[in-house]
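Student: Requesting a structural model of the entry that follows:
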Amino acid sequence: MKFVELGDAISRFRFAQSCLGLAGCLCVCYSVCTPYWLNNKGLWTTWNNSSSDRDSHKHDVTFNALEAERVFGVISFLLAVSTAALCLVFALCWTSQTVRSYSNTRSLLMVGQALYPTTLLLFTMASTGFFFLLTWSFFTSQHREEIRQDFSSLGSSYWLGALGWILLLVVEAVVFIAEQAAVPDNMPDLEKAVESWRISPQPEAAKRTLSEGYKPVGSKGKAPKRYTSVP
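Tutor: Next up is the predicted model:
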């Protein structure tokens, strides 16, 4: 069984986007789960901010931002896990012959659409990157004063998280646009395949019917019985 197919441009773009999505999802998962965002503290660390205690309104805003970044972090982590699994399927198990069965192709042509794995990858990767970008933006806005004072205090979780949403949102969009410009539409090929399937079974079925229904005289079959009337 051939796991990785790189014979044509469609397969190469699909494999490249799958590897790109897998790398971005791993960065997102690492960033959400590890505490190395700022001064060895992460999304799940309780931050002590004395300046926010002086102003109750500012304290409420800080608390809401903290809860928002954690909620979006959980959502982006779950999306990253599912997207990574999808990338592995498209990279290792998907081939150009996967959707070329008669039932799948006919159902796709009935709605006038073709199945593009890279489009599904774009939607799932963009959703993952968007939700994590919200988490990353809330964290950056929440701690912008500390970041401005000591830029070197940012850890690996912060930078790998930034790399993750850049891969999932920016780089993936560029690769998808390049694929749309370089790879031709496969709808005509699918239409030709369905048309050939419709035509090819008919002569075979006709030959089979004739061979089963016609028995020449003198064959080895049983002789026909004769019935005579008794007076």
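Student: elements contacting whichever strand or helix holds Trp159?
Tutor: Using DSSP states H and E, Trp159 maps to helix 156-165. Counting contacts by 3 or more Cβ pairs under 8 Å, 6 or more residues apart in numbering; DSSP states H and E, helix 156-165 is packed against helix 9-33, helix 117-142. In this view, the C-beta of every residue, glycine as well, is placed from N, C-alpha and C.
Student: a markdown table for these, including mean neighbour count, mean pLDDT and distance to Ala80?
Tutor: Shown next, in a markdown table, are these (neighbours: other Cβ atoms under 10 Å; pLDDT from 0 to 100; distance: least, Cβ to Cβ, whole Å):
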| stretch | mean neighbour count | mean pLDDT | distance to Ala80 |
| --- | --- | --- | --- |
| helix 9-33 | 21 | 91 | 4 |
| helix 117-142 | 20 | 90 | 5 |
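Student: Next, format the ones you listed as TSV and append distance to Val183.
Tutor: Below are the helices and strands packed on helix 156-165 laid out as TSV (distance: least, Cβ to Cβ, whole Å):
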stretch	distance to Val183
helix 9-33	5
helix 117-142	9
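Student: Kindly state which of these is positioned closest to Ala91.
Tutor: helix 9-33 (3.6 Å; Cβ to Cβ).
Student: on that earlier part again, what about the helices and strands packed on helix 156-165, which gets the closest to Ser153?
Tutor: helix 117-142 (12.8 Å).
Student: Quick one: name whatever helix or strand follows the closest one.
Tutor: Following helix 117-142 toward the C-terminus (DSSP H and E): helix 144-149.
Student: what is the rounded mean pLDDT of that following helix?
Tutor: Averaging pLDDT along helix 144-149 yields 88.
Student: And stretch 64-82, by the same measure?
Tutor: Averaged across stretch 64-82, the pLDDT comes to 88.
Student: Extract the CA atoms of it and return them as CSV.
Tutor: The C-alpha trace of stretch 64-82 is given here as CSV (Å, rounded to 0.1, in the frame of the first residue of the first chain):
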residue,chain,number,x,y,z
ASN,A,64,-12.4,39.3,31.5
ALA,A,65,-9.4,39.3,29.3
LEU,A,66,-7.8,36.5,31.3
GLU,A,67,-10.9,34.4,31.0
ALA,A,68,-11.2,35.1,27.3
GLU,A,69,-7.7,34.1,26.5
ARG,A,70,-8.1,30.9,28.4
VAL,A,71,-11.4,30.0,26.7
PHE,A,72,-10.0,30.7,23.2
GLY,A,73,-6.9,28.8,24.2
VAL,A,74,-9.0,25.7,25.0
ILE,A,75,-10.9,26.0,21.8
SER,A,76,-7.8,26.4,19.7
PHE,A,77,-6.2,23.4,21.4
LEU,A,78,-9.2,21.2,20.6
LEU,A,79,-9.2,22.4,17.0
ALA,A,80,-5.5,21.9,16.7
VAL,A,81,-5.8,18.3,17.8
SER,A,82,-8.5,17.5,15.3
